[in-house]
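Student: Structure of the sequence below:
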Amino acid sequence: MDINQLIRTYKQESENALSEKTYLTMKRNFERIEMIFDKTTQEIELKELYNVEEIVAKIDKNYKLASKIQTILGIKKIIASFENTPQQFSIFIKWTDELKKNVNQRNEKIGNNEMTPNEEKNWIEYEELREKFIENINETVLNPQYIVDNLMITKAPKLYLELKKKLLLAFYILIPPARIENYQNLLVRHSKNLKKKSSISLNKNHNYLTILKNGNYELIFNKYKTSKMLGKVIKIIPKTSELGQLVKHFLFIRKRVVLHNDGFLFSCVESSKKAMTPANFTSFIKKSSNLIFGKELSVNLFRHIFISYISKKSLCINDKKEIALFMGQTYNPTQQEQYRKIKNKDKIIFFQ
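Tutor: Numbers count the residues shown, from 1 in each chain. Below you'll find the model as predicted:
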């Protein structure tokens, strides 16, 4: 089968109950397999999948453990597409054993809270991360004089790009870091142009940043990885916060100098209304973080840094639930936590 046929079969088997991102991940698994074998999935013969060790060696050479596990899942789907025979069953079992071995390895690393080599290389503690970032934006894009000096026509595109980089990073540093898809397709809307209250009238198939009448901003997450389980997430970003000021400056420059203010908050290129692709988004985040921190920080790494930070802090159960929800996760407190008490002076507020 070719990739499209494999995906259709996968959707039928799962009765379309999985998220589009899950199906997209499987598609990428098949594309990765095509690169490993240097042929299409349709051209791969069952006998070529027999030598597990040789294929795994190729995977290990080019991919990390998480991608390796996903690749094996794709290989199993390809094997399942062949006719049921003793040979097909034997090969399927060999890959099932290989998958179990790698999943156990991953679970052991998770259980030991081990950093990956990339995390060790690029790790930065959250307090330092936030402090450096706030210092940087106050010296540059939140400095009124800096804006004035760079508002002239010849410098405006550069100012727009810098604001774009800083705002993108701000969503992963100044508030709990959500996943890429929460911001990748984020549409901008002004509440005064909406017939009803923004969170009610907006299409549930998109995520939004709405500009409220009082000047604050409202983040609305309708569509994200775990939305079917967790539902809509709404958070107010105060206009006086660093993030609120960054949004205001970014929209000001985009509307009056470079672009428009409708469409996606982060468009692919300055003259386009197309959303950034996940690859664009990841590349942009890494390059932008490298300029400020000298480290290539991915969205996953931002999330790991933040979660490592809050795990050491005195947060109440409701705050932990609120943060987890915003990040697209659930939080279930232990019985020990329910007995723990926190002094008001020790509480931390992330949305203010």
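Student: low pLDDT regions in the stretch 151-300 of the chain?
Tutor: Along the stretch 151-300 of the chain, segments meeting pLDDT under 70 span 153, 195-201, 257-262, 269-272.
Student: one more time with 80, if that's ok
Tutor: Scanning the stretch 151-300 of the chain for pLDDT under 80 picks out 151-155, 191-201, 256-262, 268-274.
Student: Okay, helices next: where are they in the stretch 51-200 of the chain?
Tutor: Ranges of helices in the stretch 51-200 of the chain, per DSSP state H, counting those that start in this stretch, are 52-62, 65-80, 86-111, 117-122, 126-139, 144-149, 156-173, 180-184, 198-201.
Student: Can you give me the buried ones in the second one?
Tutor: Put plainly, it is helix 65-80. 68-72, 74-79 (16 or more other CB atoms under 10 Å). The way it works is simple: take the backbone N, C-alpha and C, and place the C-beta from them, glycine included.
Student: And for stretch 72-84, what's in contact with it?
Tutor: For stretch 72-84, contacts defined as CB atoms under 8 Å, 6 or more residues apart in numbering pick out 1, 5-6, 9-10, 26, 29-30, 32-33, 41, 44, 46, 49, 55, 59, 88, 91-92, 95-96, 98-99, 102.
Student: Now it: average pLDDT?
Tutor: Averaging pLDDT along stretch 72-84 yields 95.
Student: again with stretch 329-337
Tutor: Here stretch 329-337 scores 79 as its mean pLDDT.
Student: okay, how far is it across that stretch, tip to tip?
Tutor: 18 Å (CA to CA, to the nearest Å).
Student: For that stretch, buried residues please.
Tutor: Using 16+ other CB under 10 Å as the test for burial, stretch 329-337 gives 329, 331.
Student: Identify the residues contacting residue 9.
Tutor: With CB under 8 Å, 6+ apart, residue 9 has these contacts: 1, 77, 81.
Student: measure the second one to residue 10 for me?
Tutor: As for residue 77, its distance to residue 10 is 6 Å (criterion: CB to CB, to the nearest Å).
Student: elements contacting the helix or strand encompassing residue 325?
Tutor: Per DSSP states H and E: residue 325 is located in helix 317-326. Secondary-structure packing of helix 317-326 (3 or more CB pairs under 8 Å, 6 or more residues apart in numbering; DSSP states H and E): strand 233-237.
Student: contacts for the strand it packs on?
Tutor: Residues outside strand 233-237 that contact it (CB under 8 Å, 6+ apart) are 175, 199, 212, 216-221, 224, 243-244, 247, 325-326, 328, 351.
Student: The next helix or strand after that strand packs against which elements?
Tutor: Of the helices and strands lying after strand 233-237 in sequence (DSSP H and E), the nearest is helix 242-253. Helices and strands touching helix 242-253, by 3+ CB pairs under 8 Å, 6+ apart, are helix 126-139, helix 156-173, strand 233-237.
Student: Is it possible to get the ones you listed out as JSON lines so that each row also shows distance to residue 37 and mean neighbour count?
Tutor: Formatted as JSON lines, the helices and strands packed on helix 242-253 follow (distance: least, CB to CB, whole Å; neighbours: other CB atoms under 10 Å):
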{"stretch": "helix 126-139", "distance to residue 37": "41", "mean neighbour count": "15"}
{"stretch": "helix 156-173", "distance to residue 37": "36", "mean neighbour count": "20"}
{"stretch": "strand 233-237", "distance to residue 37": "41", "mean neighbour count": "18"}
